[in-house]
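S.K.: Provided below are the primary sequence and the corresponding predicted coordinates.
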Amino acid sequence: MLAAAAAATVLALALPAAAQDTQSPGVKETIKDDAKTVGHAVADGARTVGHAVADTSRKVGHEVAEKTAPARDAVRDDSKKAGAAVAHSAKKVGTSVKTGAEKAKAAVTPKGDAPPPASPPKPGS
């Protein structure tokens, strides 16, 4: 970063000279090269800082994950227990409904050899 700042300063001092039309082609090329060098230095510095930030962020993320693991495990276990309780209750309700339906069906179904009850005649027949 220090090199980038120094190069930026050199470039800033060279820019007023670039505004003059009486410069020789060699000076213009030198200014172009200096600007390119400064640009590369800034890009390299930014890349280095970006990688450092990413590494630090990754480390912090892993530390947070390690510290919160017990809480995540507890939430997961509680969620499993709640899900199992809901499933058990749903099965119990389903069984109860099935048993009730079987009882209702048995109550209306004729028993033994008795003929089924005659249905009333349909109107118009």
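M.R.: Happy to help now that I have it.

S.K.: Distance-wise, check residue 55 relative to residue 48.
M.R.: Using C-beta to C-beta, to the nearest Å, residue 55 is found at 11 Å from residue 48. For every residue, glycine as well, the C-beta is placed using N, CA and C.

S.K.: do the same with residue 92
M.R.: Taking C-beta to C-beta, one finds residue 92 at 63 Å from residue 48.

S.K.: pLDDT below threshold where in the protein?
M.R.: Residue ranges of the chain with pLDDT under 70: 1-23, 112-118, 124-125.

S.K.: so residue 103 is in which element?
M.R.: Using DSSP states H and E, residue 103 sits in helix 25-108.

S.K.: Please name every helix or strand in contact with that helix.
M.R.: helix 2-18 (3 or more C-beta pairs under 8 Å, 6 or more residues apart in numbering; DSSP states H and E).

S.K.: what residues are up against residue 120?
M.R.: Residues near residue 120 by C-beta atoms under 8 Å, 6 or more residues apart in numbering: none.

S.K.: sec struct for it, please.
M.R.: With DSSP: H, G, I helix; E, B strand; the rest coil as the basis, residue 120 sits in coil.

S.K.: and what of residue 123?
M.R.: Going by three-state DSSP: residue 123 is coil.

S.K.: Next: residue 110.
M.R.: Three-state call for residue 110 (three-state DSSP): coil.

S.K.: Tell me how many other residues crowd it.
M.R.: Per other C-beta atoms under 10 Å, the neighbour tally for residue 110 reads 9.

S.K.: and if you look at residue 38?
M.R.: Residue 38 has 21 nearby residues by other C-beta under 10 Å.

S.K.: same deal with the one 3 residues further on?
M.R.: Residues lying near residue 41 (other C-beta under 10 Å) number 18.

S.K.: Could you measure from it over to residue 51?
M.R.: 16 Å.

S.K.: just residue 79 next, same as before
M.R.: Residue 79 is 38 Å from residue 51, by C-beta to C-beta.

S.K.: same deal with residue 29?
M.R.: Using C-beta to C-beta, residue 29 is found at 33 Å from residue 51.

S.K.: buried sites along stretch 27-36?
M.R.: Under the neighbour-count criterion of 16 or more other C-beta atoms under 10 Å, stretch 27-36 has 31, 34-35 buried.
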